[in-house]
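>>> fold the following for me, if possible:
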Amino acid sequence: MNKMFYSLLFVLFLTACQDESEPTEQSTVAVTEVVTSSTAPTIEVYRSPTCNCCHKWITHLEENKFSVIDKLTQDMVSVKEAVKLPKQMASCHTAIIDGYIIEGHVPADDILRLLTEKPEVAGLSVPQMPVGTPGMEMGERKDPFIVFQFDKAGKHSVFSEYTPDDSNQYQHQTH
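Numbering: from 1, shown residues only. Okay, the predicted model is just below:
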């Protein structure tokens, strides 16, 4: 099935799961939309309200001209299950853009490349939380990391790689 169908199913699932009563500590879903431009790509980011690195990643997206819909939830496991994210691709936050899943600290340039090339994949992921990725900056430390492209069955391959050079700047290779 196509990406648009899965995106629609995901939206319907979340709509059906939202309770119209007052939010509780167990089921808090707050939505804040930040529009940066009428032509900016819109991305929905699902994250824990207590996760600071997720908020920093959103700032990275906004600085790169994305329009972000910030969706706070205490139940990220359900979000990942709803989009059928392969377990080995998991990280802290999950985003949806143009029917694609974006998992973890994926650089904005890779998301833009995905939207331009439109490969037949379910999405992109930077599994776990490598130090130095957008939103995971911690001083001078920069770990090498891979952005994977994946399908719903969990098959994955390298989309791009980042390796720090001798002057601690990331060198980027696309595949």
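>>> can you list phi and psi of D165 for me?
Backbone torsions for D165, taken as degrees, to the nearest 10, come to phi -90, psi -170.
>>> CA atoms only for stretch 53-60, dumped as CSV, please.
Extracted in CSV, the C-alpha atoms of stretch 53-60 (Å, rounded to 0.1, in the frame of the first residue of the first chain):
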residue,chain,number,x,y,z
CYS,A,53,16.8,16.6,22.9
CYS,A,54,13.5,16.1,20.9
HIS,A,55,12.8,19.8,21.4
LYS,A,56,16.3,20.7,20.2
TRP,A,57,15.7,18.6,17.1
ILE,A,58,12.5,20.5,16.4
THR,A,59,14.5,23.7,16.7
HIS,A,60,16.9,22.3,14.1
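>>> so which residues of the protein form helices?
3-17, 52-63, 76-82, 108-117 (DSSP state H).
>>> shaky segments in the protein?
Along the chain, segments meeting pLDDT under 70 span 1-38.
>>> quick one: the strands in it, in order.
Shown for the chain, the strands assigned by DSSP state E span residues 30-34, 42-47, 67-72, 94-97, 100-104, 123-126, 145-150, 156-164, 170-174.
>>> contact partners for the closest residue to Y162 other than its chain neighbours?
Distances taken as Cβ to Cβ, 6 or more residues apart in numbering place Y170 nearest to Y162, at 4.5 Å, with adjacent residues excluded. For every residue, glycine as well, the C-beta is placed using N, CA and C. By Cβ atoms under 8 Å, 6 or more residues apart in numbering, the residues touching Y170 are G132, K142, Y162, T163, P164.
>>> of all those, which two lie farthest apart?
G132 and T163 (10.4 Å; Cβ to Cβ).
>>> the more surrounded of these two?
G132 (19 against 14; other Cβ atoms under 10 Å).
>>> what is the burial count for the residue lying closest to I111 once chain neighbours are set aside?
Take I111 and drop its neighbours on the chain: the residue closest to it by Cβ to Cβ, 6+ apart is I102, 5.9 Å away. Neighbours of I102 under the rule other Cβ under 10 Å: 27.
>>> alright, I will stop here.
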